[in-house]
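# pasting the sequence and the predicted model now:
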Protein chains: 4
Amino acid sequence: MHKRIRLGMVGGGQGAFIGAVHRIAARLDDRYELVAGALSSNPERAATSAEEIGINIDRSYADFRKMAAAESKRVDGIEAVAIVTPNHLHAEVSIAFAEVGIDVICDKPMTFSLEEALEVANVVKKSGVTFTLTHNYTGYPMIREARSIVHNGTLGKIRVIKSRYLQDWLTTDLENQGLKQAEWRTDPSRSGAAGSVGDIGSHAFHLARYITGLELESLAADLTTFVPGRKLDDDASILLRYADGARGSLWCSQVAVGHENDLQIAIYGEKASLQWVQENPNELTFCVHGEPPVKLTRGGSQQSLWAEQATRIPAGHPEGYLEAFAQIYTDAADLILHRRENYPSNNPAPIPNLEDGIAGMKFIRAAVRSSQNGGNWEMLD
Amino acid sequence: MHKRIRLGMVGGGQGAFIGAVHRIAARLDDRYELVAGALSSNPERAATSAEEIGINIDRSYADFRKMAAAESKRVDGIEAVAIVTPNHLHAEVSIAFAEVGIDVICDKPMTFSLEEALEVANVVKKSGVTFTLTHNYTGYPMIREARSIVHNGTLGKIRVIKSRYLQDWLTTDLENQGLKQAEWRTDPSRSGAAGSVGDIGSHAFHLARYITGLELESLAADLTTFVPGRKLDDDASILLRYADGARGSLWCSQVAVGHENDLQIAIYGEKASLQWVQENPNELTFCVHGEPPVKLTRGGSQQSLWAEQATRIPAGHPEGYLEAFAQIYTDAADLILHRRENYPSNNPAPIPNLEDGIAGMKFIRAAVRSSQNGGNWEMLD
Amino acid sequence: MHKRIRLGMVGGGQGAFIGAVHRIAARLDDRYELVAGALSSNPERAATSAEEIGINIDRSYADFRKMAAAESKRVDGIEAVAIVTPNHLHAEVSIAFAEVGIDVICDKPMTFSLEEALEVANVVKKSGVTFTLTHNYTGYPMIREARSIVHNGTLGKIRVIKSRYLQDWLTTDLENQGLKQAEWRTDPSRSGAAGSVGDIGSHAFHLARYITGLELESLAADLTTFVPGRKLDDDASILLRYADGARGSLWCSQVAVGHENDLQIAIYGEKASLQWVQENPNELTFCVHGEPPVKLTRGGSQQSLWAEQATRIPAGHPEGYLEAFAQIYTDAADLILHRRENYPSNNPAPIPNLEDGIAGMKFIRAAVRSSQNGGNWEMLD
Amino acid sequence: MHKRIRLGMVGGGQGAFIGAVHRIAARLDDRYELVAGALSSNPERAATSAEEIGINIDRSYADFRKMAAAESKRVDGIEAVAIVTPNHLHAEVSIAFAEVGIDVICDKPMTFSLEEALEVANVVKKSGVTFTLTHNYTGYPMIREARSIVHNGTLGKIRVIKSRYLQDWLTTDLENQGLKQAEWRTDPSRSGAAGSVGDIGSHAFHLARYITGLELESLAADLTTFVPGRKLDDDASILLRYADGARGSLWCSQVAVGHENDLQIAIYGEKASLQWVQENPNELTFCVHGEPPVKLTRGGSQQSLWAEQATRIPAGHPEGYLEAFAQIYTDAADLILHRRENYPSNNPAPIPNLEDGIAGMKFIRAAVRSSQNGGNWEMLD
């Protein structure tokens, strides 16, 4: 029989962008039922937001700690919580719910600082709950395909990893013009020590890690703040040295005029290469050395099991950002039901977890330190 | 307060492709709740299918007439029905539900024949229910944008309309190899008089109609069956003459090797042109004569109200086929609530209705007649 | 030792576009030396034009007949002539030079009318000279590659052939604004019975013929003149039926806003398909049914001999229109030297000749007749 | 009257790739006549090569110094020399011809080392001859367009400059398999201290300099040799800091599987951005912040004078690598005739010269030093 996981949400009240995305993602494959929320710390706004999206008023909370306490006592209490607040709250919310045995699904980056991330990991491990980090791009089928191709050894030893994530929405100082999204993302007290590097660079970093499994050893980062008065970096170019001799670089920018959400990754091995572009995510360019490049497509004739499991509709009918995001939720549902009710696992591709979150926080810290050091090389640990 | 429309479904049992798509589409924007179904005419399969997707067993029916009767009597009975059967059943199911006052959402083409379509229209009009035809591609924001640009007169008088819909999944005789999808789509007793023209050509035809509002006056069609033994056309090239002197052509094929769901439309006016490609649907190429071509994007800086209303997430995060399909459901929800509960309409772009369905059936009939006539010109009426 | 063919030119004086192109094409591979010309029928303009491009004044003629007579008597007289006049002069110039034993290289379409083409063919055959028609797009390496792939049977039986050639430079009535190029191309007394069909449709028609070798049997053509007052078609959509059951269509337009020289061809067989786009001519998309599409490139790893012979520089360094045009000249040089001096032929891909020219004129005639007949089907012979 | 410059060539005998390219480039616009050569230091190979390309045997030399001496004494001696040898010979050949008053056109990089470059500059300046460095990509019309747009201030202050040049032909150790091109390019005694950085990175570096005019101040370079046994870098990622606060990075690789000659550059300013890709060189993507991206085309409606002067044929008919290379020769011809015969200059866009060559050598030296230093930052001077 069809089983929906009871889900709560912290953050994501009216006007928030990412909360609505998480709700669609949770709903899309019909694996969750959103029944409780602390959508805002302002009680009135919390209630109005809850009503608007169909959460019963008696399960709308203004305080996430009260929500954790109350829900953990109900027979029909939430089984999992989605955390969609600004970064500086991720740690305390994660801890509050993990401690009462509620599974955690948390937006990225994992926390405000590496120290917090390690603390969260500690609590989560003790509690035994699952922890899913919504590095949503790893839900794209062609990213799963890429991971599968690399893991099969088709590329041979990996030589070069290049990624970039470009936006242009912060080309001017929107944070001074009343845009909430811009305000907290450029505010060190809410975002952390990095701007573009934490917000989008962390996605590019994670994608490389997800596909190749290689550990980053050191980096040299050139973080820049182009918009006068801004407090965090809005552009960064970073050289990367991976374990096993692979080299790479990463470029993230929020002032790259003409780019919307231009996340790309390319991976070059001794024998073959892969290229993927988020704005056209249903394709993966694959090339064996000495042969012409091939366009692999989602749902196409030569798909891996991992990609297939993340595919809903036939080839040529584009799936997009929301489906990829939903995939993370759907895979998390499998993990949660496996833990809670011993459902058999159907071996989906792995999804971002505690280790990935900690690795991301180390990447951010090293990038900031390198930059403070004039751009010199910095070890990751 | 958040109101979900109670929805039933006819067709779409285990193994059916389009039923699952309709369910995601209905769920995505949280405007419907699927509570009843006649998912299969086989009672056991109907029940298993219902259980699998979370429909309560006492609202699973094997006979759609019984479902119409029972649901229309319940206080909490369905308010709308989604019809996702093969084409030859569309008419009787539509009529059964319309007659008891349940709003209809029906897959395309509207019916098996033009005669049936006219009959459905008759019943629906008498009953007063809404009738939505899921020509889903009209739910794409950039198609709404195209419609808006044409309606603003930016193109000037329209000269040329070109569309195509290419697939390759019927390149070989899959209908003889046990594939259900291929069986009914190539079977004149279930699909109607046309194969590729009815299945996908009708989408391309409708897209032109939706964007331009021009009426087709005559056509010359060259329908071909390339796969030996197949009973319906699998490829067709059609010349088109529209009202007001516009000319065009349409090509649909299910044997075009290398194309997955390659639906494209291009519209040329005296002053400007538009081009759109379904496999990369978040872009619209726009060109004013004498100026360089411009890439308009979903969520981009210069979007019309109609496109905006069909947009969920920021530019550069691709929305896809499921979101476009969901948009039709969401717009239908507005129409249904307007009718049933006098909700204010928020003026969304129009969605395909009875008139569009009848026009589509006339197009199919004319194409088949022209072809039977050696490809000569045929008037639409 | 390096041998350059002595070349003369008729037409191509100051201000002419295509004359300069032919001169670069003849020069690029260093196979010709331009030594004489009747560049204009105006003696002064002929002389000035000759001086400007380095032709000795005593070999500048104002009358092409005098040029044929004089050059054929010189020991160092021209061996070949390039004809770059408007269409209505092609026949008489060709005949004048063929009759005195000078090899002919003639711009397309072959002549003003089918009758003229047959007459030219007659004279040329009697004289024994070579006749090359500069359907220049057949000089592109990836078109040679396409021809090779089709001839190897890799596509299987051909089912569908689609081509188009779109421009927008005649979107408004430039012929009334003093543009010479527009004047003669829209003037039935100089261009012939067709406008866009003769000027660019003929290229698209020839490309299909060149690659597949299939004979066109009948067509239904919808020729339109969109610009008020224009005397010839500026847009045409044409359905095509080839020998052996292949179907196709061709669209040419000179009012397709946003298109510069958008010549494309796609060929679909039972087993595989090919797609090529002139504006990015170094690529050829190739797809075997059931496998992902492959991007073949000029100079790439899997090139045929025919393509290789038309390639000058490594893959990834684009060759363009002038190189393709030069290839026709270079291949013609091989034919001319083979005839004149018994040079061994190195088996290059065939180039457009008398038969192709006649086929093109039949295509134009049938298209005009069909259109005059309301767009009904017309046999080619 | 048409005047052709008498040209000699050093290097470029049988089997050499770049010599043939220079010859086509010199011939294409009919501004040069190749009349002498020291095509090889092997007398027999020199003579055979000369004969093959139509150079008279008595002007074929095996020793470039003898050629300089002999030609400078002839009344009809060469006016300019094209140097197409491996890098280690550029300096001495340049000096030999400059000293006898013959204008120099030299392949890149300018010399083997920075010291040599400074010496060449010294001699050239004393002699008064012109010196043109064939950074051929600057001959592309859309690069000229980019330079024009930047110089007009349309981008505002420049923030970020990104370039890359990727090939894959050295993915395996071809230098050990008898390929001459691979041998000298991976040999420090003939190429200089850098491999991929000198061979192709220098092009990417120059393109940024040419378009923006910004001086590079410092860099951090990560040079890698991936192919075992190879003596020079085959991949490099380099962070760049320009004058005025602009930042950038450059990636060059000869082991990037799937890339042929993938040279790209993108420039981001406060107000707008530009993107260009060599493999599709007739387009330039231009985007003003807050507006949709625009596709500018060679020959299109909104071209600058600099681009126009480098354009031969109409928009949509692709010009390619050979035309861009020819443009450098044609512009050099203007400079040479201006110097020699006081021809009026028609103000073409500037072409790469001594200063550019020296800047390139400084870039290479700094990159190598940074890499030897573990990838730390290095000033350019």
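Now that the structure is in, tell me what you want to look at. What you see is a predicted model; the values in this text were computed from it and never measured.

# check contacts around A:Ile313.
A:299, A:319, B:17, B:21, B:321-322 (CB atoms under 8 Å, 6 or more residues apart in numbering or on different chains). Heads up, the C-betas are built off the backbone N, CA and C, glycines and all.

# buried ones among the residues you listed?
A:299, A:319, B:21, B:321-322 (16 or more other CB atoms under 10 Å in any protein chain shown).

# dump the residues you listed to a markdown table, plus pLDDT.
As requested, the buried ones among the contacts of A:Ile313 are exported to a markdown table (pLDDT from 0 to 100):
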| residue | pLDDT |
| --- | --- |
| A:Gly299 | 92 |
| A:Glu319 | 97 |
| B:Val21 | 97 |
| B:Tyr321 | 98 |
| B:Leu322 | 98 |
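
# can you tell me which of those residues are in helices?
With DSSP state H as the criterion, helices contain B:21, B:321-322 from among those.

# quick check, nearest of those to chain C?
Ranked by distance to chain C (CB to the nearest CB), these are led by B:Tyr321 at 19.8 Å.

# correct me if wrong: the closest one contacts A:Glu323.
No. B:Tyr321 is beyond contact range of A:Glu323, at 9.2 Å (criterion: CB atoms under 8 Å).

# what strand or helix carries A:Ala220?
Assigned by DSSP states H and E, A:Ala220 falls within strand A:216-224.

# what helix or strand does the spatially closest residue to A:Leu118 that is not a sequence neighbour sit in?
Excluding the flanking residues, the one nearest A:Leu118 by CB to CB, 6 or more residues apart in numbering or on different chains is A:Ile358, at 6.6 Å. Assessed by DSSP H and E, A:Ile358 sits inside helix A:354-372.

# quick one, that helix and strand A:216-224 angle?
Inter-element angle recorded for helix A:354-372 and strand A:216-224: 50 degrees (by axes from the mean of the first three to the mean of the last three CA atoms, to 10 degrees).

# how about residues contacting the one helix or strand in chain A whose mean pLDDT sits lowest?
Least confident helix or strand of chain A, by mean pLDDT, DSSP states H and E, is helix A:180-185 with a mean of 90. Contact partners of helix A:180-185, identified using CB under 8 Å, 6+ apart, comprise A:15, A:17, A:86, A:169-170, A:174-175, A:190-191, A:195, A:199.

# buried ones in it?
Those would be A:181-185, for helix A:180-185 by 16+ other CB under 10 Å.

# which of the residues you listed sits closest to B:Asp107?
Taking CB to CB as the measure, A:Gln181 is the one of these closest to B:Asp107, at 38.8 Å.

# now the strands: where do they sit in the stretch 251-381 of chain A?
Secondary structure of the stretch 251-381 of chain A (DSSP state E, counting those that start in this stretch): strands at A:262-269, A:272-277, A:283-288, A:294-297, A:377-379.

# describe which strands the shortest one pairs with in its sheet and in which direction.
The pairing partners recorded for strand A:377-379 under DSSP bridges are strand A:216-224 (antiparallel).

# what's the nearest residue to A:Ala62 if we skip its chain neighbours?
With sequence-adjacent residues excluded and distances taken as CB to CB, 6+ apart, A:Ala62 is closest to A:Pro43, at 3.9 Å.

# per-residue confidence for the one you found?
For A:Pro43, the pLDDT comes out at 93.

# look up how far A:Val120 lies from it.
27 Å (CB to CB, to the nearest Å).

# and the closest residue to chain B within the stretch 101-250 of chain A, how far from B:Glu355?
Nearest residue of the stretch 101-250 of chain A to chain B (CB to the nearest CB) works out as A:Gln167 at 7.3 Å. Per CB to CB, A:Gln167 is found 43 Å from B:Glu355.

# same question for A:Leu296.
42 Å.

# what does the pLDDT read for A:Met1?
Reading off the model, A:Met1 has pLDDT 61.

# with the one 3 residues further on instead?
The score at A:Arg4 is 95. That number is its pLDDT.

# from chain C, how far off is the residue lying closest to it once chain neighbours are set aside?
With CB to CB, 6+ apart as the criterion, A:Arg4 has its nearest non-adjacent residue at 4.2 Å, and that residue is A:Glu33. A:Glu33 is 39 Å from chain C, where distance means CB to the nearest CB, to the nearest Å.

# that's a helix at A:Glu33, yeah?
No. If the criterion is DSSP: H, G, I helix; E, B strand; the rest coil, then A:Glu33 is strand and not within a helix.

# doesn't A:Met9 make contact with it?
No. Counting by CB under 8 Å, A:Glu33 stays clear of A:Met9, with 11.8 Å between them.

# the more surrounded of the two?
A:Met9 (30 against 14; other CB atoms under 10 Å in any protein chain shown).
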